[in-house]
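Engineer: Test case, fold it:
(chains A and B)
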Amino acid sequence: MEMARSSLQVAQQGVQLAGHNLANAANPAYARQRLHIESAETIPTANGTEGTGATVAGFDQIRDKILDNSIIFEGSITSYLEEKERSLVQMESYLGQNIDRQTAAGSSGTVGSSTGAQYGLAEGMSEFFNAVQSLSIAPTSTADRQVLILKGQQLASKFNNLDSRLGSLQSRLNEDVPTQVSDVNKLLVQISEVSINIKQSENGPFRANELRDRRQEKLEQLAKLTDIQVTEADSFNVSVNGVSMISDSVLVDGFKAVVDGAGMYQVRSTVTNAVIGSNGGKLKGTLDARDISLVTLRGRINTLSTNLIGEVNAVHTTGIALDGTTGRNFFTGTNASNMGVNIVLANDPRLIQISGNGDPGDNAVALTLARLTNQTVAGLGNRTFADNYNVTVTNFGQELSDVQTKITDQNALTQMLVSQRESISGVSMDDEMTRLITFQRAYQASSKLINILDELLAETIRMGV
Amino acid sequence: MRVTANAFPNRLNYQLAELTSKQAALQKQAATGQRISKPSDNPLAMRKVLDLQGELRNLAQYQTNSARLKESLDASYGALKQMKSVSDRAGEIATLADSTKGVEGLKAYATEINQMLEHSVQVANSKHINGYLFGGTKNTAPPITATRDGAGKITSTTYQGTMTVPQFEVAEGISLSIQFPSENSTGTGNAGILKDSRYGSDFITHLIQLRDGLEAAAAGGDAGTAALANLKNTSVSSFEKDETAFIDTFSTIGAIQSRLDSASNVSRERAQALDPLISREADADLADTLVRLNEIQNAYMAALKSGSTIMNTSLLDYLR
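Structural biologist: Below you'll find the predicted structure:
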């Protein structure tokens, strides 16, 4: 009877566990559990050892630690790439160097508008130098002088807007750092708390399966923010690039966002104040986009504008205006942020200095200016303005394209790992239903055993009476 | 491989997302007709397109330059044609003028030459759009200033312009001058239309001399006879020099026009050759795109259909 009773209990727990598994079938963080059934202790008899039925030894969680850690690692890389892509896509749209071959008319109906390009810096520079070419054909033409001023202003405005937008994006990315640091710290606290609970719960013979599920979920969330190294041999530890954050389940350090001299947030250890150099995760993606991709693009655009201003002014100042004056710059400013057309010239285009000898019809300086477009510039790595810009666009496009390709690969890899984990740890409805029926039948059989034993016992009692 | 409750929907979601992404990319290509539109679509192709577009814009500008220069050259040609007509008639009068024409006839010639002189100065001061055609690089003021006597007749002229003319770029590294100064005594560059040391031409002075000679001849007497003789001796040969200068200048204009046409044609042909290159890099092969889009759409529909069929079936359908 005792054996039948314990069998009923085993079957009941089996049904209960199948129900628990089925209830979590759609929970991605859940790892299926299996009833660990052991044979009950045997009784030595004269005829040998006699079995006493079955007993529940525990609930086993089906997890593959290597897969779990791989998903943490790859999640960190995917988040890094996705965050970087998000920023690079914005930069690409700010650059505005798109091709639209269906648009017949471009900016101001100028030459080159039929080449199928939107108005980016490439078109701006072409139109500026073409306006100089036009003026060289008619040096005394007020209309051509006004067009040159307009094209110069459009080009300067394009540089200004691009720099301003990139600067604004840099600020937004910077403001995102403290938010992400706060999220990292919240998750570290939660992971530490869950780990301490696990430690306490597993003080006995049983494993805290649900808590482990929850911790794994939090670890994967944390890895999406920053790359982490998780070790769990004798104790549970989490570190970021060698800096211990959780030691033996206890939170020992955290992140803090500290503003540097340039107004940019740096991520530092709350304990040592040392910079924490993360290798992956969204936070690293934000910092890389802010400090590398954006700075590189902005720097190259600034270098281009600085050299353009310098080269154009160097030639323009040598020219002579229609009123005989000389020495004025065409562009004002020193870089993309403050570039502009000299207001004196804008107010009176006759003061544009394109004559070499002072004669109004002389165009020597205009020709020298126009030829700048085909000349290499030492400050631009011995490239022409257009070539330098095209290299910038190509390099930037390549960077974004590489990131997007890596994301595609990364998604495929992550999908494969998740599928593998699902195949091991996921709940199969068919599986659980089959087990449910097995335990149901076992319960029915044990009940039948009790009936039979009951009948036997009743018969024995009747015999005695 | 064990397939679980989440595994199948996960994989189906991933596959549908992949197919949707490919569909979106192909649909964009079909709708825009472009294979690339952003630098990240294909950085190398974008680089080529940027280079080609830059070259195309430069060529378009050179074509515009050539067209504008041709207009200016046509204006110069028109003015010179008038001068040549004057020169022809003046040479004719210099030849025809003799004692048989009588006083009235010689006076009429003198008056005609004086009108032609006025006209020639006016033509030499022709303007085209923003500048005087024959003033060299000093083209904001009339290049020829006339000095007149008490009767208002031109006695001499002064050239206010320069003997050098500006160069214009018609192709990368190719410059030419399409303008002509009124006077050129440098021995280089385009000939002066009125006066040039290489030809010994001095059209206005020769017209003045002819007019004055005819007036002197009309006055009669020994001075008149001497003036007529002088006309025969000098004026005819003088106008021949002017004529030669004009004819050579016409030849130069023809050569410049030819160079402009040639430069413009080269630019146009290069531009025409560049467009297919841009198209090759940027445009989508519509047939290929639509076939691939169709394939992806079929795959998408198959994934949805098979997914819905499989997900609707489970062991529960067969348990009592």
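Engineer: Kindly report the residues of the stretch 151-300 of chain B close to chain A.
Structural biologist: Taking CB under 8 Å from any CB of the partner chain, the part of the stretch 151-300 of chain B that reaches chain A is made up of B:162, B:166, B:167, B:168, B:169, B:172, B:175, B:278, B:279, B:282, B:283. All C-beta spots, glycine's among them, are computed from the backbone N, C-alpha and C.
Engineer: Those residues in helices, which ones?
Structural biologist: Mapping those onto helices (DSSP state H) picks out B:278, B:279, B:282.
Engineer: max-length helix in chain B?
Structural biologist: Across chain B, the longest stretch assigned as helix under DSSP H is helix B:43-96.
Engineer: Quick one: list the elements packing against that helix.
Structural biologist: Applying 3 or more CB pairs under 8 Å, 6 or more residues apart in numbering or on different chains; DSSP states H and E, we find helix B:43-96 packed against helix A:121-137, helix A:385-425, helix B:102-124, strand B:127-128, strand B:168-171, helix B:203-219, helix B:236-282.
Engineer: and among these, the most buried is which?
Structural biologist: Mean neighbours per residue, mean count of other CB atoms under 10 Å in any protein chain shown, is largest over those for helix A:121-137, with a mean of 26.
Engineer: which secondary structure elements does that helix contact?
Structural biologist: Where contact means 3+ CB pairs under 8 Å, 6+ apart, helix A:121-137 is packed against helix A:142-201, helix A:294-316, helix A:364-371, helix A:385-425, helix B:43-96, strand B:168-171.
Engineer: Put the alpha carbons of it into CSV.
Structural biologist: Output in CSV follows, covering the C-alpha atoms of helix A:121-137 (Å, rounded to 0.1, in the frame of the first residue of the first chain):
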residue,chain,number,x,y,z
LEU,A,121,28.2,68.2,-51.1
ALA,A,122,29.4,66.7,-54.3
GLU,A,123,26.8,68.6,-56.3
GLY,A,124,27.4,71.7,-54.1
MET,A,125,31.2,71.8,-54.9
SER,A,126,30.6,71.1,-58.6
GLU,A,127,28.1,73.9,-58.9
PHE,A,128,30.3,76.3,-57.1
PHE,A,129,33.3,75.7,-59.3
ASN,A,130,31.0,75.6,-62.4
ALA,A,131,29.7,79.0,-61.4
VAL,A,132,33.3,80.2,-61.3
GLN,A,133,33.7,78.8,-64.8
SER,A,134,30.6,80.6,-66.0
LEU,A,135,31.9,83.8,-64.5
SER,A,136,35.3,83.3,-66.3
ILE,A,137,33.4,83.4,-69.6
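Engineer: Give the rounded mean pLDDT of that helix.
Structural biologist: Taken as a whole, helix A:121-137 has an average pLDDT of 95.
Engineer: Looking at pLDDT only, which of the residues of the stretch 151-300 of chain B next to chain A scores worst?
Structural biologist: When those are compared, residue B:172 shows the smallest pLDDT, 86.
Engineer: Chain A versus residue B:242, what's the distance?
Structural biologist: Going from residue B:242 to chain A by CB to the nearest CB, to the nearest Å gives 25 Å.
Engineer: Isn't that residue up against residue B:88?
Structural biologist: No - using CB atoms under 8 Å, residue B:242 is not in contact with residue B:88; the gap is 10.0 Å.
Engineer: And the residue nearest the centre of the chain?
Structural biologist: By default, I'm working from chain A. Chain A has residue A:83 as the residue nearest its centroid, 2.2 Å off, counting by CA atoms, centre = their mean.
Engineer: Can you look at chain B instead?
Structural biologist: Nearest to the mean C-alpha position of chain B, by CA atoms, centre = their mean, lies residue B:66 at 1.7 Å.
Engineer: Please produce JSON lines containing the helices and strands packed on helix A:121-137, extended by distance to residue A:31.
Structural biologist: Converted to JSON lines, the helices and strands packed on helix A:121-137 look like this (distance: least, CB to CB, whole Å):
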{"stretch": "helix A:142-201", "distance to residue A:31": "14"}
{"stretch": "helix A:294-316", "distance to residue A:31": "41"}
{"stretch": "helix A:364-371", "distance to residue A:31": "71"}
{"stretch": "helix A:385-425", "distance to residue A:31": "4"}
{"stretch": "helix B:43-96", "distance to residue A:31": "43"}
{"stretch": "strand B:168-171", "distance to residue A:31": "74"}
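Engineer: Go through those and name the closest to residue B:251.
Structural biologist: With respect to residue B:251, and counting by CB to CB, the nearest of these is helix B:43-96 at 11.3 Å.
Engineer: thinking the residue nearest to the centre of chain B is in contact with residue B:266, fair?
Structural biologist: No - assessed by CB under 8 Å, residue B:66 is found out of contact with residue B:266, at 9.8 Å.
Engineer: So for the residue of the stretch 201-320 of chain B found nearest chain A, what's the pLDDT?
Structural biologist: Here the stretch 201-320 of chain B gets closest to chain A at one residue, residue B:315, 4.5 Å apart by CB to the nearest CB. Per-residue confidence (pLDDT) for residue B:315: 79.
Engineer: From residue A:430, how far off is it?
Structural biologist: In this view, residue B:315 and residue A:430 are 4 Å apart by CB to CB, to the nearest Å.
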